[in-house]
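Predicted model and sequence below, questions to follow.
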There are 2 protein chains.
Amino acid sequence: MNQSSPVPDSAGSETVAALVSTARQLFSKHGFDGTSVRAITARAGTNLGAITYHFGSKQALYEVVISEGVGPSHLRLAAAAAEDGSPLQRLEGVVRAFFDFLHENPDLPSLMMQLLTSARPIPPVALQTMQANIKLLASLIAEGQSDGSIRAGDPRLMALSIGAQPIWLTLARRAIQEGAKIDQEDPHTRVRVVDSVVDFVRAGLEEHLETAE
Amino acid sequence: MNQSSPVPDSAGSETVAALVSTARQLFSKHGFDGTSVRAITARAGTNLGAITYHFGSKQALYEVVISEGVGPSHLRLAAAAAEDGSPLQRLEGVVRAFFDFLHENPDLPSLMMQLLTSARPIPPVALQTMQANIKLLASLIAEGQSDGSIRAGDPRLMALSIGAQPIWLTLARRAIQEGAKIDQEDPHTRVRVVDSVVDFVRAGLEEHLETAE
DNA sequence: GGTAGTATAATACGAACGTATGAAGGAGGT
DNA sequence: ACCTCCTTCATACGTTCGTATTATACTACC
């Protein structure tokens, strides 16, 4: 009768890792409701009961997938922001780091979207990470504004404009590939896409001092 | 045994309209799998069998929701692009029209996202609309490039950078509101957000002729 | 070697799902 | 009045869902 949550299970057996990894893929592709416990356990090569045993419920597994997936992004962005260089250069680095991170974790954008669009409350860890990433961009922008290299404007809104681009381009990559024949699986194309976004961001932020009006 | 599809049902009874409208809301909030036929019919005030009768299946209703929702966006954007003005001015108009359209159809971004992220093939109508919208932006950009008002760069990629912003800001509005305290439900704030994006887009595209290097 | 404690396995259960079926209503034409 | 067609209704069917239950294997320690 009681679950007594067999174990919080952050330290991982092999089964636990397989379940989380498989669940991330399937949740990403088919959503929470579209993914059955049977599909996860079968694909992970475990017994049907494994999710209940290790996590307590499907919902609890979902939350583990979310926190393990979304959290690390901030570390990457913060590392890029801490490099040497002007604010604009560091912003460029953050954008590239964001692209790289999303490219290495292709299931993430879809998971994030499902969180954002679902009617359910957004898990605190996801919200905090997002908030931290916006704050990171905004503070770099503010720094550039105070030294005169970045044009005026609300730094948080500018940060949202910037963040939108890696997210959208990664998320919609399949449709973009089919609809606009831009295939980001091809490394060469990917570089072009990232460079284009970096150029756009740089141009969108830069202060242009008119020597004479 | 045979469905024989009772009727293609584009001309609408009241029941049909209620089903489509309710389905749009629920699919948007909870996804295809997260929305039951019983939930739709109950909320629409119809009988459980109404979806099967009028559409043939839940999947067929979903496709009607998609095509009726996604299609009209292009009309709005094309109308904005056809106004008088410089390419940059018309681009600004398109961005504003896109924001307006998404604001008037708040269920759409979520539906689009589900399409883009799901593993299932993207319905042709959605793909075509997206393609047409990118092409619209890209041709305005190309026009501005040839008259020297817009800086160099791949117009399609620049179009994606632009389109990303209204989509993302609308889609993530709940998270942005909770995480960044920017509430787009407030009309005044919404104007600030749209203006900020328009500024960013303008700055990101504009060619700055340096009189002296 | 027996005994705990932990992990896996097979199966069972009740609920909810999408859809099918057949009966009942209701308006229009003859 | 009657028949016809369209729509609504109540209910049934078979499937699949998440989770519970119980039994079996494996490991460590006395």
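Nice, thanks for sending it over.

By residue count, which helix of chain A is the longest?
helix A:124-146 (DSSP state H).

Report the next helix or strand after it in sequence order.
helix A:155-171 (DSSP states H and E).

Give me the helices and strands touching that following helix, please.
helix A:87-104, helix A:108-117, helix A:124-146, helix A:187-205, helix B:108-117, helix B:155-171, helix B:173-180, helix B:187-205 (3 or more C-beta pairs under 8 Å, 6 or more residues apart in numbering or on different chains; DSSP states H and E). C-beta here means a position set from N, CA and C on the backbone, and glycine is covered the same way.

and these, which is most packed in?
For the helices and strands packed on helix A:155-171, the largest average neighbour count (mean count of other C-beta atoms under 10 Å in any protein chain shown) is found in helix B:155-171, namely a mean of 25.

what pLDDT, on average, does it get?
Taken as a whole, helix B:155-171 has an average pLDDT of 95.

How far does that helix sit from its chain's centre?
Chain-centre distance of helix B:155-171: 11 Å, with C-alpha atoms, centre = their mean, to the nearest Å.

Output the set of residues of chain A in proximity to DNA strand D.
Counting by C-beta under 7 Å from any atom of the strand, chain A comes close to DNA strand D at A:1, A:3, A:35-39, A:48-49, A:51-52, A:57-59.

Send me stretch A:195-207 as PDB with only the CA atoms.
Output of stretch A:195-207 as PDB, limited to C-alpha atoms (Å, rounded to 0.1, in the frame of the first residue of the first chain):
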ATOM      1  CA  ASP A 195      27.300  32.500 -37.700                       C
ATOM      2  CA  SER A 196      24.200  34.100 -39.100                       C
ATOM      3  CA  VAL A 197      22.600  34.300 -35.700                       C
ATOM      4  CA  VAL A 198      25.700  35.600 -34.200                       C
ATOM      5  CA  ASP A 199      25.900  38.300 -36.800                       C
ATOM      6  CA  PHE A 200      22.300  39.200 -36.300                       C
ATOM      7  CA  VAL A 201      22.700  39.500 -32.600                       C
ATOM      8  CA  ARG A 202      25.800  41.500 -32.900                       C
ATOM      9  CA  ALA A 203      24.200  43.900 -35.300                       C
ATOM     10  CA  GLY A 204      21.000  44.000 -33.200                       C
ATOM     11  CA  LEU A 205      23.000  45.100 -30.100                       C
ATOM     12  CA  GLU A 206      25.900  47.200 -31.400                       C
ATOM     13  CA  GLU A 207      25.900  50.900 -30.800                       C
END
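
now check that stretch, is it near chain B?
Yes. Contact of stretch A:195-207 with chain B (C-beta under 8 Å from any C-beta of the partner chain) involves A:196-197, A:199-201, A:203-206.

re the thing from before, let me have the residues of chain A next to DNA strand D in TSV, extended by secondary structure, neighbour count and distance to A:Ala164.
Below are these laid out as TSV (DSSP: H, G, I helix; E, B strand; the rest coil; neighbours: other C-beta atoms under 10 Å in any protein chain shown; distance: C-beta to C-beta, whole Å):
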residue	secondary structure	neighbour count	distance to A:Ala164
A:Met1	coil	3	48
A:Gln3	coil	10	41
A:Thr35	coil	22	27
A:Ser36	coil	13	33
A:Val37	helix	17	35
A:Arg38	helix	10	37
A:Ala39	helix	14	32
A:Leu48	coil	12	41
A:Gly49	coil	10	42
A:Ile51	helix	23	35
A:Thr52	helix	17	39
A:Ser57	coil	13	34
A:Lys58	helix	17	31
A:Gln59	helix	9	30
